[in-house]
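K.L.:
I'll drop the sequence and a predicted model, then ask my questions.
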Amino acid sequence: MPVIKQNYVGIGPKLPLTYDKKHGPYGLIVDPREEIKQNLLNIILTNPGERVMDSNFGVGIKGFLFENFTSDVVSRIKERVYNQVAKYLPTVIVNNIDIGFDEEQNLLNLKLVFFIPALATVDDLNISVEDTSVSL
């Protein structure tokens, strides 16, 4: 008797790609809010020029780690995030961005509060960026 594999519908692949027994060759995102958070994370972490065929994509947040943490740098980060989300993820409205910097650990903390009109939902994303790693 043949084995029938149940097909799961996902919005997109869960990154990083990992084998998933439930979904098949890789894990899938099935929650729209999780997909939006993953897309926001990709926009923030991608360096401009890094994405093939679209050199304008990305905030490049790690590039700000080695700048003096001033109100000008905070303004530049916020402006870049607002512009990138408006252009590449227009289904989301960023309501607020809080940015903090720990000079001792060279750690940048970013909190985005955003609204998803299609879901009538407000959510947030917290990111801590070091020169070698990112944590959520």
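P.N.:
It's in.

K.L.:
how about the helices in the protein?
P.N.:
32-45, 71-88 (DSSP state H).

K.L.:
run a quick neighbour tally on S55.
P.N.:
For S55, the neighbour count with other Cβ atoms under 10 Å is 10. Bear in mind the C-beta positions are built from the backbone N, C-alpha and C, glycine included.

K.L.:
ranges for the strands of the chain?
P.N.:
With DSSP state E as the criterion, the chain has strands at 12-13, 28-29, 93-102, 107-116, 121-129, 134-135.

K.L.:
tell me which of these lies nearest to M53.
P.N.:
Proximity to M53, assessed across the strands of the chain by Cβ to Cβ, is greatest for strand 12-13 (18.6 Å).

K.L.:
got the contact list for the closest one?
P.N.:
26-29, 35, 38 (Cβ atoms under 8 Å, 6 or more residues apart in numbering).

K.L.:
could the residues you listed go into TSV alongside pLDDT?
P.N.:
Output for the contacts of strand 12-13, formatted as TSV (pLDDT from 0 to 100):
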residue	pLDDT
Y26	80
G27	81
L28	82
I29	79
E35	92
Q38	94
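
K.L.:
in those residues, find the pair that's most separated.
P.N.:
Y26 and E35 (14.3 Å).

K.L.:
could I get the strands of the chain as CSV with distance to I77 and mean neighbour count?
P.N.:
Conversion of the strands of the chain to CSV gives the following (distance: least, Cβ to Cβ, whole Å; neighbours: other Cβ atoms under 10 Å):
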stretch, distance to I77, mean neighbour count
strand 12-13, 26, 14
strand 28-29, 26, 18
strand 93-102, 6, 14
strand 107-116, 8, 18
strand 121-129, 11, 15
strand 134-135, 15, 12
